[in-house]
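Undergrad: I'll drop the sequence and a predicted model, then ask my questions.
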Amino acid sequence: MKSAASTSVSTTPHRSPELGRQDEAALLDLLQELEQRHGFVPREFSDEVSRLVEVRLDRLRRIQTKLDSTTRRDVQQHVAHWRNEEGNLIMILHAIQNQHGYVPREVAMELSRELGVKLARIYEVITFYHYFKLQPPGAHSITVCNGTACYLKGSTELLQECRTRLGIAEGQTTADRQFRFEVVRCIGCCGMAPAMVIDGKTCGHVKPADVAGHIAAVGQPKGAAA
Amino acid sequence: MKKLTREDLEQLAANPASDPPEWVRVQLDTGGIAAGAEAALAALAAAREKSPRSFALLRAGSTGFSFADPVVEVSAGGLPRVYYGRVTTEVAAAIVERHIDGHQLLDDHIVATRRRGVAIGSPVTHILVRDTGPDAADQTEFFQFSFNEELKRRGLADRVQVVRALDLGVYGRGTAVQLLPSAVTYVNLLAPDVARIVAESVECGRVLDDRLWKVPDKQVRIVLRHCGSLDPDRIEDYLTLGRGYQGLKRALFELTPEKVIAEMKTSGLRGRGGAGFPTWMKWQLTRGQAAAQRYVICNGDEGDPGAFMDRSVLESDPHAVLEGMMIAAFALGASKGYFYIRAEYPKAVERIERAIEQARACGLLGPNILGSAFSFEAKVRLGAGAFVCGEETALIASIEGRRGSPSPRPPYPSVRGLWGMPTAINNVETLACVPAILTEGGAWFANFGTETSKGTKVFAVTGKVRNAQLVEVPMGTTLREIIHEICGGVFQGRPLKAVQTGGPSGGVIPIQHLDTPVSYETLQQLGSIMGSGGMLVMDQTDSMVEVAKFYLKFCVDESCGKCAPCRIGGYQLLQILERISRGRGAADDLLQIRRICLAMQRASLCGLGQTAANPVLSTLRYFGDEYQAFITGGVAYARKITGTATPAATRAPALAGPGNGGRAS
């Protein structure tokens, strides 16, 4: 793509109608090359590029508006459901988190407008409770229970094993967004301690040696120590 | 569903329904589902399609046999009613094929009922065998073989089946057998006893007194009365099989609010959330406040790690909790109630929401319930993973949609609670007791328990215990009875070291106090608390310093940061413990720990901070020599104990006093 763009410039320098088909990276390369060759960007090019930028910005703005209105509609729906209840903020946040897997910033801002509550108040609540998340979840979730029963039966070793396998610490998501690794207080399955939950499926009586197998069953962690 | 009237309820009380003749009940609670109960249910349904016999496939909550999840109860094929534990899909198919169609009990999966027979009323049809001693020398198969041979010799082999059981509820008593259907149980069997049992008991129906297990079942089920025998998703089950809403009917039509409170006073019921405040007094105080609106809240924010009683009750018998809340509301004059339940318990939330919907459809919620003047509405609010929200004032803040920061008391919630109105907050278990008290009477409830602690208490016994399960015992039962007789002692037969009660707010109870009868006062004297009912069993391989650190870390993470003693004190305490457990403790560290603990207990704003020091203080009190050993033994000792990745088993007996510190196995 890049080489094609540069050759086309060197042979036919005035092909402005073609510019519209090029992506941002190619346009940037093109401008760079023109600048190097002529010492400046010819007027017809710069005009054409500016026009293209405007067109694309406009398109993106429309997408943004669409997205905003979707967000607004979602938030309005949640709020409408809880409108007449007192103390509804936490329940609305639960609904939002169920929908997105976390509380996105733009949704929180929309919620603030919709409820007439300051954004700081909303974040005060979100950050106080462990259950609400501000980062998007990974494709797969690995949750290790660290309730007392699991702790006594060796969840510490499980945690260590998960850290090595996934290459991340608890509360983090792998760089490729494949795995999110978390520790929870207690999942209430003390009869099968130590337990871990992988993509909603609970595995009981887990030994450190089993961890790799359980993780491999849902996906392959990248870049972790074997 | 049609609206119920008072007459309908009276009719239901007069004609109690019974189960269909042949049924299989799958126990679907969170623990069971996690272990594969839904797969077992699907396998049973698939097998039923192929089976020539028809039977009812029912859903239920959990009886509490967590060690055997998923559990399925079967009453079919003319065989005695039995529980099957660890039911995989293969076992589920086998239950239909062999038990229901083939009239044979399955080996290795039966969990015997806790019923203990003393006389053989009807002929013996099945003998359950289980070696209850150490696993290494398992003689179950040998005895099964001997019984079979003996029965063959006497020509009884086609009349009596010998089955290997998974669990007989008797532990450390050699080989035990239970004769069904009478549930007569023999223990400490030797090879010659086989012939005697077959000759005397099976043939002539005589009980062998010298081998009979006479100890009656220690458990009394009041809170868990319906758990495992009702479908929590069907109000019809609760109304017909569970004699549901009869307590409410009695309160509404036969009693006044004052009389309900008097009945509660007679019962002596105290708050099951841990502090043990008399329930009647809480209701009285809330009722005594003049206000336009009063609230009742059910505290289902069971944040104590390792405890799952409230979850189990909410999941297995949601209508009982709802009925309890309605009776409470009637007694204290509230018209609105909230269930505050952890969001981490989606099943419990789903079931209580369904219970509320069904109750509303039946006219048990809403205006003028059952035609009386009493109106009530209940709603569910979700917690969001903050341990401190189990504290009353923080819980109220959370329901109001704010951060769950506690506020100073007084004013108590019974004076100024939710939205400034008088509010009574009761634990799930407390509310589940209420309908039973109203139907059976307060005096009946007061029969159980001790002088000051009446009734029963549910414990979730977990940790290094052989059979992790839910146990409901009368107050005053000793810890030894709970752990050794009901739950089978320590996992893999290791020696017990301590029992932890009350979660992060409680303390450890060492082995020398194992015969303490459980009640609010006795546990407090030992430096622990009753708490909500988590009971963690620890064996000799658990380092008490590590345990204290674990709980303290929990409290430090959960501290809301509002008051300094808890926020700063907890952190400093954790730093010192970290240092000690790395073998870098100083001589005066223990003194410093005591000073910080005292400050936290005296000056913290809420229960979280006041009790956060308890695990540290109680381990220091009973296992001070372990702390000393860390300090005097230094880094070398600490490495041996907490060795980086050594599995728990290999570092077993390294815990020693200061004198012989550093001695490894």
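TA: Here it is on my side, so go on. Note that this is a predicted model, so its numbers are computed, not measured. Numbering: from 1, shown residues only, chains lettered A, B, ... in the order given.
Undergrad: B:Ala34 contacts A:Ala195, correct?
TA: Yes - the pair B:Ala34 and A:Ala195 passes the contact test of CB atoms under 8 Å, sitting 7.3 Å apart. C-beta: built from backbone N, CA, C; applies to glycine.
Undergrad: who has more neighbours, these two?
TA: Using other CB atoms under 10 Å in any protein chain shown as the criterion, B:Ala34 and A:Ala195 rank with A:Ala195 on top: 30 against 22.
Undergrad: overlap in contacts, B:Ala34 and A:Ala195.
TA: Residues within reach of B:Ala34 and of A:Ala195 at once, by CB atoms under 8 Å, 6 or more residues apart in numbering or on different chains, are A:187, A:189, A:202, A:204.
Undergrad: wait, a strand at the third one?
TA: Yes - secondary structure of A:Thr202 (DSSP: H, G, I helix; E, B strand; the rest coil): part of a strand.
Undergrad: look up which residues are beta-bridged to it.
TA: Here A:Thr202 sits in beta bridges with A:Val197, going by DSSP bridges.
Undergrad: okay, now whichever residue of chain A sits closest to chain B: neighbour count?
TA: Per CB to the nearest CB, A:Gly191 is where chain A lies closest to chain B, at 2.6 Å. Here the number of neighbours of A:Gly191 (other CB under 10 Å) works out to 29.
Undergrad: can you check A:Glu86 too?
TA: A:Glu86: 10 neighbours (other CB under 10 Å).
Undergrad: quick one: it and B:Glu400 touch, right?
TA: Yes - look at A:Glu86 against B:Glu400 with CB under 8 Å: they come within range, at 7.1 Å.
Undergrad: residue contacts, the residue nearest in space to the middle of chain A?
TA: Nearest to the geometric centre of chain A sits A:Pro136, at 4.0 Å (CA atoms, centre = their mean). By CB under 8 Å, 6+ apart, the contact set of A:Pro136 is A:100-102, A:104, A:173, A:177.
Undergrad: now those residues: which count as buried?
TA: Using 16 or more other CB atoms under 10 Å in any protein chain shown as the burial test, the contacts of A:Pro136 include A:102, A:104, A:173 as buried.
Undergrad: give the contact list for the second one.
TA: By CB under 8 Å, 6+ apart, the residues touching A:Pro104 are A:Pro136.
Undergrad: in the longest helix along chain A, what's buried?
TA: Longest helix in chain A, counting residues (DSSP state H): helix A:43-82. For helix A:43-82, the neighbour count (16+ other CB under 10 Å) marks A:45, A:48-49, A:52, A:71-72, A:74-75, A:78-79, A:82 as buried.
Undergrad: cool, stretch B:100-116 as well?
TA: For stretch B:100-116, by 16+ other CB under 10 Å, it's B:100-101, B:104-107, B:109-114, B:116.
Undergrad: same question, stretch B:14-33
TA: By 16+ other CB under 10 Å, the buried positions in stretch B:14-33 come out as B:24-33.
Undergrad: ok, these vs B:Glu73, which is closest?
TA: B:Arg25 (4.3 Å; CB to CB).
Undergrad: the helix or strand hosting B:Ala251: what's the following helix or strand?
TA: Element membership for B:Ala251 (DSSP states H and E) is helix B:246-254. Going down the chain from helix B:246-254, the next helix or strand is helix B:257-267, by DSSP H and E.
Undergrad: what sits up against that next one?
TA: Residues external to helix B:257-267 that are found in contact with it (CB under 8 Å, 6+ apart): B:251, B:255, B:278-280, B:283-284, B:287, B:327, B:330-333, B:433-434, B:437-438, B:441-443, B:445-446, B:454-455.
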